[in-house]
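Quick one, fold the following:
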Amino acid sequence: MTNHIDTVQLGSTGPAAARIGLGAMGMSGMYGSSDDATSIATVHAAIDSGANLIDTGDFYGMGHNELLIRRALTERKREDVLLSVKYGALRGPDGSFGGVDTRPAATKNFLAYSLQRLGTDYIDIYRPARLDPNVPIEETIGGLAELVRAGFIRHIGLSEVGADTLRRAAAVHPIADLQIEYSLISRGIEAEILPVARELGIGITAYGVLSRGLLSDSLRGGAQFAATDFRAHSPRFQGENLTANLRLVDALAEIAARHEVSVAQLAIAWVLARGEDIVPIIGARRPERWTEAVAALDIKLSEDELAAIEAAVPADRVAGERYAAAQMAMLDSER
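I've put the predicted structure just below:
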């Protein structure tokens with residue numbers, strides 16, 4: 001595997017990040033069972049390949065994910081890794097979600113626990129997981145700015161917010177990046193959010209690039225999801241929606257076969273081609289999946305090829321919302 005990946009700056013004020021990053025959420029049960037030893041090996045594979053951005057959240061496995069990342073980084077140089085951490089989502093002991101809290105006092109509390117679990121004295125990019133409807137974004141960003149000045153966080157990021165919120169936040173403090181879902185079948189940011197982010201010098205860290213495994217070969221033979229798997233409750237993976245979406249994947253697979261690459265690699269390459277200010281975050285859970293993802297960096301697509309890919313997977317043909325109704329209602333980016 002290559003041990004060099006080109007870097008890009010996240011926005012106009014953010015850190016230098018490798019062209020592709022590792023998302024760790026799936027290592028803490030969100031897509032069914034996972035194995036800690038394999039997860040740690042995947043983190044090591046990512047770093048050894050030249051990646052430096054690792055994305056986690058304090059609510060992934062109720063702290064499990066941060067503790068896992070700490071174990072994975074025990075013998076690694078802290079300065080070689082960019083830790084991106086989401087906070088603010090409230091969870092119960094039964095795993096249920098109870099809203100979001102981004103008050104400055106709550107932010108300090110969340111951060112204190114994350115620093116302890118991660119075994120570090122600073123976090124590179126710290127971001128609210130969602131917009132708190134009860135706290136003005138200016139107040140949240142103001143509290144985060146104090147933590148930047150105190151040295152506990154290096155940069156402020158946001159997640160799943162709309163263009164207006166981006167403007168209001170950036171007026172208080174520079175925003176390094178917006179983490180938001182973006183893929184061949186989730187292209188909602190293109191109309192307004194992406195242009196505003198570019199206008200403001202805010203980078204994009206794109207999650208859901210493989211649409212939770214839909215844009216890969218893994219589900220084309222059918223799928224059964226455990227009750228704890230996010231996809232068991234996601235509209236795009238239910239009944240006729242899944243059948244319709246897999247037809248789009250089959251069309252993409254024909255193009256991938258002509259390029260002699262996998263569906264996942266082609267989907268990643270498409271996102272990479274959308275601009276150097278967009279860094280895909282890949283939720284690999286096994287070293288071999290990370291190796292597959294990194295190989296997408298070598299795929300170069302012409303304008304004609306990009307057009308053919310988009311014609312094979314029209315955004316308006318995707319069946320089902322990307323989240324269930326209750327979660328969609330929490331997305332400022334969808335308003």
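
quick check: longest helix of this structure.
helix 239-259 (DSSP state H).

got the buried residues for it?
Neighbour counts over helix 239-259 (16 or more other Cβ atoms under 10 Å) mark Asn241, Leu242, Asn245, Leu246, Leu248, Val249, Ala251, Leu252, Ala253, Ile255, Ala256 as buried. No exception for glycine: its C-beta is placed from N, CA and C like everyone else's.

Dump it to PDB, keeping only the CA atoms.
The C-alpha trace of helix 239-259 is given here as PDB (Å, rounded to 0.1, in the frame of the first residue of the first chain):
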ATOM      1  CA  GLY A 239     -38.400  -2.800   0.500                       C
ATOM      2  CA  GLU A 240     -39.000  -1.200  -2.900                       C
ATOM      3  CA  ASN A 241     -36.700   1.700  -2.100                       C
ATOM      4  CA  LEU A 242     -33.800  -0.600  -1.800                       C
ATOM      5  CA  THR A 243     -34.800  -2.500  -5.000                       C
ATOM      6  CA  ALA A 244     -35.000   0.700  -6.900                       C
ATOM      7  CA  ASN A 245     -31.700   2.000  -5.500                       C
ATOM      8  CA  LEU A 246     -29.900  -1.200  -6.300                       C
ATOM      9  CA  ARG A 247     -30.900  -0.800  -9.900                       C
ATOM     10  CA  LEU A 248     -28.900   2.400  -9.900                       C
ATOM     11  CA  VAL A 249     -26.000   0.600  -8.400                       C
ATOM     12  CA  ASP A 250     -26.200  -2.000 -11.100                       C
ATOM     13  CA  ALA A 251     -25.900   0.700 -13.700                       C
ATOM     14  CA  LEU A 252     -22.900   2.100 -11.900                       C
ATOM     15  CA  ALA A 253     -21.400  -1.300 -11.700                       C
ATOM     16  CA  GLU A 254     -21.400  -1.600 -15.500                       C
ATOM     17  CA  ILE A 255     -19.200   1.600 -15.700                       C
ATOM     18  CA  ALA A 256     -17.000   0.400 -12.900                       C
ATOM     19  CA  ALA A 257     -16.400  -2.900 -14.800                       C
ATOM     20  CA  ARG A 258     -15.300  -1.000 -17.900                       C
ATOM     21  CA  HIS A 259     -12.700   0.900 -15.800                       C
END
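
Count the neighbours of the nearest residue to Leu301 once chain neighbours are set aside for me.
Nearest residue to Leu301, sequence neighbours excluded (Cβ to Cβ, 6 or more residues apart in numbering): Ala273, at 5.2 Å. Neighbour count of Ala273, defined by other Cβ atoms under 10 Å: 17.

Show which residue of the chain lies farthest from the average position.
Centroid-distance maximum for the chain: Arg258 at 28.5 Å, with Cα atoms, centre = their mean.

Thanks a lot, catch you later.
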